[in-house]
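Undergrad: Predicted model and sequence follow; I will ask about them next.
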Amino acid sequence: MSAIVETLGFFFGVTGTIMLGITLFNANWRVSTVDGNVITTSTLFENLWMNCATDSTGVYNCRDFPSLLALPAFVQASRALVISSLVFGFLACLLGMLGLQCTKVAEGNIALKGKLSTSSGALSVFAGLCAGIAVSWYAFNITKEFFNPLYPGTKYEIGPALYVGWSGALLDVVGGGLMCCSYKQVTKAKRTFTYNYRQANTQSSAKAAPQTALPRYESSNSISKYGKNAYV
């Protein structure tokens, strides 16, 4: 497991989640265009929750959308996707913090650390994908209305909040990929065998056989035992 890659991926994921939170509450998702207007007295801008208007003096007023069901489908879907991305991003940050090698949680368990890091990376990738889909879908509808000559309403351009959202989504995806790649799980564990070695007994279990005394043979010249005298 590479600690540098893991830390870098975690940093990217946290930064991307923070940027997605900023994107969600930023009011400049789309801004009214000044193309073809000689005199501009007011500027309109909207996000997922409200629309605002500002005049030439800098005073602006905002109004929340009156009904959720009356909103276009892409706005409702973008709300759900961005909120889901924030939930995934928060969980990814939590698991990533626990899975970092520099933390004391499960310090000696490398396998558990790797699983936490991989789960954090997967959630971070999901968060980036959800946010990227939401921001791209919203931008697609802006450009579709802008280039439609028959569209009767106010035409808008892509606001700065969408660029922040794209950047945050990219950081989440890259950070999640780094978190997933930082842990390599060993597919085949090496088998270890334990042999119990017993020291050989130096003392023989068999008793030494007693040595039998060899018979003493006297010299054939000795005839004392016969009780006879020899005469020459």
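TA: Okay, I see it.
Undergrad: How much space separates the closest residue to Cys62 other than its chain neighbours from Arg63?
TA: Closest residue to Cys62 apart from its sequence neighbours, by CB to CB, 6 or more residues apart in numbering: Cys52 at 4.0 Å. From N, CA and C alone the C-beta is placed, and that goes for glycine too. For Cys52, the distance to Arg63 (CB to CB, to the nearest Å) stands at 8 Å.
Undergrad: ok, these two, which is more surrounded?
TA: Ranked by neighbour count (other CB atoms under 10 Å), Cys52 and Arg63 place Cys52 first, with 16 against 9.
Undergrad: next SSE after the helix or strand where that one lies?
TA: Here Cys52 sits within strand 50-55, counting by DSSP states H and E. Counting by DSSP H and E, the next helix or strand C-terminal to strand 50-55 is strand 60-64.
Undergrad: The helix or strand following that next one: which residues count as buried?
TA: For strand 60-64, the following helix or strand on the C-terminal side (DSSP H and E) is helix 73-99. Neighbour-count burial for helix 73-99 flags 74-75, 78-79, 81-86, 88-89, 91-93, 95-96, 98-99 (criterion: 16 or more other CB atoms under 10 Å).
Undergrad: Whatever helix or strand comes next after helix 73-99 packs against which elements?
TA: As assigned by DSSP H and E, the chain's next helix or strand after helix 73-99 is helix 110-146. When contacts are defined as 3 or more CB pairs under 8 Å, 6 or more residues apart in numbering; DSSP states H and E, helix 110-146 sits against helix 3-25, helix 73-99, strand 156-158, helix 160-181.
Undergrad: Reformat those into JSON lines and put mean pLDDT next to each item.
TA: Converted to JSON lines, these look like this (pLDDT from 0 to 100):
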{"stretch": "helix 3-25", "mean pLDDT": "92"}
{"stretch": "helix 73-99", "mean pLDDT": "93"}
{"stretch": "strand 156-158", "mean pLDDT": "92"}
{"stretch": "helix 160-181", "mean pLDDT": "94"}
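Undergrad: so which of those comes closest to Tyr138?
TA: Judged by CB to CB, the one of the helices and strands packed on helix 110-146 that comes nearest to Tyr138 is helix 73-99, at 5.0 Å.
Undergrad: how far off helix 3-25 does the closest one point, in degrees?
TA: Angle, helix 73-99 to helix 3-25, by axes from the mean of the first three to the mean of the last three CA atoms, to 10 degrees: 150 degrees.
Undergrad: Centre of the chain to helix 73-99, how far?
TA: 14 Å (CA atoms, centre = their mean, to the nearest Å).
Undergrad: As TSV, the helices and strands packed on helix 110-146 with distance to Val34 would be great.
TA: Listed next are the helices and strands packed on helix 110-146 as TSV, based on distance: least, CB to CB, whole Å:
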stretch	distance to Val34
helix 3-25	24
helix 73-99	23
strand 156-158	9
helix 160-181	15
